[in-house]
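> from the sequence below, what's the structure:
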Amino acid sequence: MMAEMVTNMIEDKDLMKNLKETQYDLVLTDPAWGAGVLMAHYLQLPLVYNVRWVTFGEGHQVIAPSPMSYVPMTGSGLTDKMTFTERVKNMLIKLLGQVQDRFLVRPYYQAVCDEYFQPGVDFNELMQGADLWLMRVDFVFEFPRPTMPNVIYMGGFQCKPAKPLPQDLEDFIQSSGEHGAIIMSLGTFVKELPSDITDEIASAFAQLPQKIIWRHIGDRPATLGNNTLLVDWMPQNDLLGHPKMRLFVAHGGTNGVQEAIYHGVPVVGLPLFFDQYDNLLRLQTRGGAKIVTIATVDNDFLKALQEVLQEPSYRENMQRLSNLHRDQPMNPLDLAMFWIEYVMRHKAVFFFTQRVIRDCIEKDTFTTAENSRQQAIDRQGQNPKPNAHLTTSSSCNSVPKDYIQWEHQDTGLVHMQNFTYDESKQALVVPQEGRYFVYVGVNFRMPDKDKVSGEVHFLSLKVLKYSISYENNWPIMEVKDSIPDDRRGERRTMYTGQVVTLEEGDLLMVSIDEDNYELIDCSAETTMYIGAFLL
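Presented below is the predicted three-dimensional model:
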């Protein structure tokens with residue numbers, strides 16, 4: 001989508017003429033979307049990032065060494081203190097992210113470079129060549145890790161002292177007396193939770209002496225207590241800064257976590273997706289939060305609320321983090337503005353870090369910048385190595401099959417380079433003999449049902465190879481897991497990947513135990529995948 005947008009912009013000659021004649025000083029962009037990176041190069045302007053994420057993970061992964069022994073990947077659920085097994089898991093997650101980025105994301109941006117820029121322009125180098133990286137975190141929040149001189153930390157830049165509340169909210173909070181108040185917000189992406197979950201949350205709130213302000217869009221929970229006020233919007237920063245605020249129930253988005261740190265309010269976290277669990281884990285590691293999963297709300301939510309409210313260490317730890325965060329010679333927003341103006345005054349300053357970043361790139365990718373440029377020059381007209389990445393459809397488990405059925409038409413998330421797909425066997429067909437990296441990810445989700453049997457579902461994911469040499473199905477990879485029947489709505493991701501030797505014509509298929517076929521979560525299309533590429 002972003003590559004198409006940039007293409008349309010470049011093709012609009014009047015727009016490009018206007019942008020050049022306006023003589024902007026720099027491009028400020030978020031590198032999670034590559035459009036700004038391409039426009040900065042096209043317009044020959046200094047490049048500044050407002051960044052937390054890049055196309056395959058956390059921003060530091062692109063610019064600084066990121067040892068997998070103590071730098072946890074986003075989505076891993078790990079801290080900086082890992083066992084050997086956890087380090088292996090961390091490395092596999094990084095590898096899978098790089099594979100998806102290389103074959104699903106980068107080719108679209110590289111195609112723009114090949115079409116509109118001079119020969120030898122490599123999108124990787126453009127991405128890594130920003131003059132300034134303004135990171136939306138700081139080390140009060142983040143785990144220790146290597147960094148670079150042109151990385152500036154502006155975590156909490158949006159935070160500010162609380163303003164007076166609207167009178168109705170002020171009156172409601174004041175009515176709490178000595179018990180104080182709690183706010184709950186799960187952000188703007190989630191409109192409403194399932195009714196059984198909201199009933200459990202409302203029931204837990206009703207058993208507390210505090211007053212609760214809950215940002216809730218949806219039907220009124222049947223168990224809602226008189227101490228709970230439902231609103232469709234709230235001045236979150238101002239509420240967190242109120243002296244009677246005792247607790248923040250949050251989903252764990254970056255902005256909300258930073259505001260909680262700024263105001264020193266302890267957190268009970270209900271993470272839903274992406275980086276939210278990892279954000280909350282950082283607070284929990286520092287003693288300022290307690291995490292509850294959606295699947296265990298009925299058993300754990302009230303206990304977590306009572307623990308954080310009654311145990312003084314949670315508030316004390318958050319107050320300490322707040323003091324550390326605020327004790328700076330310049331507030332984060334002013335710091336960011338200073339460095340943006342610094343780049344405007346001195347133009348490109350990337351040369352300060354160019355050599356060391358290049359060393360990091362070469363170590364991480366086992367290639368050299370010269371090779372990358374030569375590959376970009378040779379890309380057009382060259383027969384690329386076979387590679388494929390397929391995802392599932394939203395109806396992937398509608399009819400039980402021997403093997404998972406994959407989408408194989410190019411949709412932007414799906415591609416096949418020299419591979420073919422055998423619909424009759426739901427299999428990738430290997431185009432040539434060689435050593436391939438093969439990877440698979442499958443999501444499972446327990447149904448939202450009231451009655452449970454107490455059984456444990458044993459999950460088994462197999463990658464099978466049908467070899468033309470032996471005319472039989474051979475398991476080349478297998479991963480197992482289990483999930484109790486009482487974990488309503490809980491999601492579990494199983495993934496595996498390894499290097500295997502394949503012959504031309506071999507078939508690659510993914511098999512799930514028939515008893516667990518209905519548990520496959522087809523709604524998460526982008527995280528259900530099979531892929532392979534020739535090394």
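> can you list the domains in the chain?
2-157+333-378, 167-326, 387-534 (automatic domain parsing).
> let me have the ones you listed in TSV, adding mean pLDDT and mean neighbour count as columns.
All C-beta spots, glycine's among them, are computed from the backbone N, C-alpha and C. Output for these, formatted as TSV (pLDDT from 0 to 100; neighbours: other Cβ atoms under 10 Å):
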stretch	mean pLDDT	mean neighbour count
domain 2-157+333-378	85	17
domain 167-326	93	18
domain 387-534	78	17
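> ok, which stretches of the stretch 351-500 of the chain are helices?
Counting by DSSP state H, counting those that start in this stretch, one finds helices in the stretch 351-500 of the chain at the ranges 354-365, 369-378.
> once you drop chain neighbours, what's closest to G59?
Spatially, and ignoring its direct neighbours in sequence, G59 is nearest to V51 (4.3 Å; Cβ to Cβ, 6 or more residues apart in numbering).
> so how far is E503 from the one you found?
44 Å (Cβ to Cβ, to the nearest Å).
> swap in N237?
61 Å.
> again, but for A260
56 Å.
> show me which helix runs longest in the chain.
If you go by DSSP state H, the chain has its longest helix at helix 84-100.
> that one: how far from the chain's middle?
Relative to the chain's own centre, helix 84-100 is displaced by 14 Å; criterion: Cα atoms, centre = their mean, to the nearest Å.
> which strands or helices does it pack on?
Under the contact definition 3 or more Cβ pairs under 8 Å, 6 or more residues apart in numbering; DSSP states H and E, helix 84-100 sits against strand 434-445, strand 491-502, strand 529-534.
> now do that helix: everything it contacts.
56-57, 61, 66, 68-69, 71-73, 75-76, 78, 82, 389, 437, 439, 441, 495, 497, 529, 531, 533 (Cβ atoms under 8 Å, 6 or more residues apart in numbering).
> contacts only, for the residue nearest the centre of the chain.
In the chain, the residue lying closest to the centroid (Cα atoms, centre = their mean) is F274, at 3.9 Å. Listed by Cβ under 8 Å, 6+ apart, the contact set of F274 reads T74, G75.
> quick check: the gap between the residue nearest to G59 and P67.
In terms of Cβ to Cβ, V51 sits 20 Å off from P67.
> next, the closest residue in space to M154 that isn't next to it in sequence: phi, psi?
What sits nearest to M154 in space, not counting adjacent residues and going by Cβ to Cβ, 6+ apart, is P332, at 4.0 Å. Phi and psi for P332, reported as degrees, to the nearest 10, are phi -60, psi -40.
> just give me the neighbour total for P332.
22 (other Cβ atoms under 10 Å).
> that one and G155 touch, don't they?
Yes - P332 lies in contact with G155 (Cβ atoms under 8 Å); the separation is 6.4 Å.
> which neighbours do those two have in common?
Residues touching both P332 and G155 (Cβ under 8 Å, 6+ apart): D138.
> so what's Y116 up against?
For Y116, the contacting residues are T7, I10, Y42, by Cβ under 8 Å, 6+ apart.
> the longest helix of the chain to strand 529-534, inter-axis angle?
80 degrees (axes from the mean of the first three to the mean of the last three Cα atoms, to 10 degrees).
> centre of the chain to the very next helix or strand once past helix 84-100, how far?
The element immediately downstream of helix 84-100 (helix or strand, assigned by DSSP states H and E) is helix 106-116. A distance of 24 Å separates the centroid of the chain from that of helix 106-116, by Cα atoms, centre = their mean.
> dump helix 106-116 to PDB, restricted to CA.
Below are the C-alpha coordinates for helix 106-116, written out as PDB (Å, rounded to 0.1, in the frame of the first residue of the first chain):
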ATOM      1  CA  ARG A 106      11.100  -5.100   1.200                       C
ATOM      2  CA  PRO A 107      10.500  -6.300  -2.400                       C
ATOM      3  CA  TYR A 108       7.700  -3.700  -2.800                       C
ATOM      4  CA  TYR A 109       9.900  -0.800  -1.600                       C
ATOM      5  CA  GLN A 110      12.900  -2.100  -3.600                       C
ATOM      6  CA  ALA A 111      10.700  -2.200  -6.700                       C
ATOM      7  CA  VAL A 112      10.200   1.600  -6.300                       C
ATOM      8  CA  CYS A 113      14.000   2.100  -6.000                       C
ATOM      9  CA  ASP A 114      14.600   0.000  -9.100                       C
ATOM     10  CA  GLU A 115      12.000   1.900 -11.100                       C
ATOM     11  CA  TYR A 116      12.600   5.500 -10.100                       C
END
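> I figured A162 hits Q236, correct?
No - the pair A162 and Q236 fails to qualify as a contact (Cβ under 8 Å) at a distance of 10.1 Å.
> L134 sits in which helix or strand?
Assigned by DSSP H and E, L134 falls within strand 132-135.
> where does R246 sit, in terms of helix or strand?
Secondary structure assignment for R246, by DSSP H and E: strand 245-250.
> what is the orientation angle of the helix or strand just after that strand with strand 245-250?
Sequence-wise, the next helix or strand downstream of strand 245-250 (DSSP H and E) is helix 254-263. Relative orientation of helix 254-263 versus strand 245-250 (the same axes, to 10 degrees): 160 degrees.
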